[in-house]
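Colleague: starting from these lines, generate the structure:
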Amino acid sequence: MPQIERLVVEALTEYASPVAAQNIMNRALRRAGVNPDAMGPEAWVRFVRGPLLAELQQVFPIQEPTGALRRVLRGLEEAAAARPQPAAPAPAPAAAGDRNTLILPRREVDLDRAEAREGLVNELAREEGVSGVLLQGPSYQEARLPGVEDLAPILGVVHSLLQKQKPYKLFYSVFQEGQVLVRPLGPALVALVAKREANLGRLLHVLNSYEAKGGQP
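Modeller: Numbering: from 1, shown residues only. Model prediction:
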């Protein structure tokens, strides 16, 4: 792995687990159609600000690179300015089908009503590529599709820790069998377990379209 690629992946671990960070990098490189071995600092700056940031924005609510990624980007910009290099091929624009342009209206869910909770879980379970759904609140739990109930204690702990350290909007990770997304929904957590090939952008749009009754995110 090129040194610059390694630095960028390490910076991405501030957003996700090391495995998830590498997957994000791989998807961005694949969609951009670029070879990291042939990229100099200037090409990496274009890649980070373009395809990589677009990939991150499908998973995390950010507008610009932050933290370690911003520091790496600043170093690349300084290197490019100090030692100009022949321009590498610009990243090819993503195919129209690669970008998820789905716009969904906000959908309010009354989590105090069992029928509303069941409806939410059933809707999410019907999404293509979803292998499990969990909705867990202070006094209720709804799970769909095999094996999800086994993950409930782990996901509950993850949710509690993230809420205590800093209120979060989304937790995303990958594991051997697929990928998992967890987000707070009012007093509850809602989690999706999906196959590796599932359309992450689509799942994020759908998951983020819900809000708890009363305006709670």
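
Colleague: every contact and neighbour count from this point should use C-alpha atoms.
Modeller: Fine.

Colleague: got a list of contacts for whichever helix in the chain runs longest?
Modeller: In terms of residue count, the longest helix belonging to the chain (DSSP state H) is helix 148-165. With contact meaning Cα atoms under 8 Å, 6 or more residues apart in numbering, helix 148-165 is reached by Gly132, Val133, Leu134, Gln136, Ala143, Tyr168, Val182, Arg183, Pro184, Leu189, Ala191, Val193.

Colleague: mind running it again at 10 Å?
Modeller: Here helix 148-165 makes contact (Cα atoms under 10 Å, 6 or more residues apart in numbering) with 131-137, 141-143, 167-171, 180-184, 188-193.

Colleague: tell me how many other residues crowd Ser17.
Modeller: Residues within reach of Ser17, counting by other Cα atoms under 10 Å, total 16.

Colleague: likewise Lys169?
Modeller: 15.

Colleague: residues contacting the residue positioned nearest the centre of the chain?
Modeller: The chain has Val59 as the residue nearest its centroid, 2.4 Å off, counting by Cα atoms, centre = their mean. Contacts for Val59 (Cα under 10 Å, 6+ apart) come out as Tyr15, Ala16, Ile24, Leu170, Phe171, Tyr172, Leu181, Leu200, Gly201, Leu203, Leu204, His205.

Colleague: try Arg27
Modeller: Counting by Cα under 10 Å, 6+ apart, Arg27 touches Gly33, Pro51, Leu52, Glu55.

Colleague: one step back: buried stuff in the longest helix of the chain?
Modeller: Within helix 148-165, the residues that qualify as buried by neighbour count (16 or more other Cα atoms under 10 Å) are Val148, Glu149, Ala152, Leu155, Gly156, His159.

Colleague: in strands, which of the contacts of helix 148-165 appear?
Modeller: Secondary structure from DSSP state E places 131-136, 141-143, 171, 180-184, 188-193 of those in strands.

Colleague: buried only: go through the residues you listed for me.
Modeller: Here, 16+ other Cα under 10 Å leaves 131-136, 141-143, 171, 180-184, 188-193 buried among the ones in strands among the contacts of helix 148-165.

Colleague: any stretches of the chain with poor pLDDT?
Modeller: Residues of the chain meeting the criterion pLDDT under 70: 1, 82-104, 147, 149, 165-166, 176, 214-217.

Colleague: repeat the analysis, applying 50 as the threshold.
Modeller: Within the chain, the segments meeting pLDDT under 50 span 84-102, 215.
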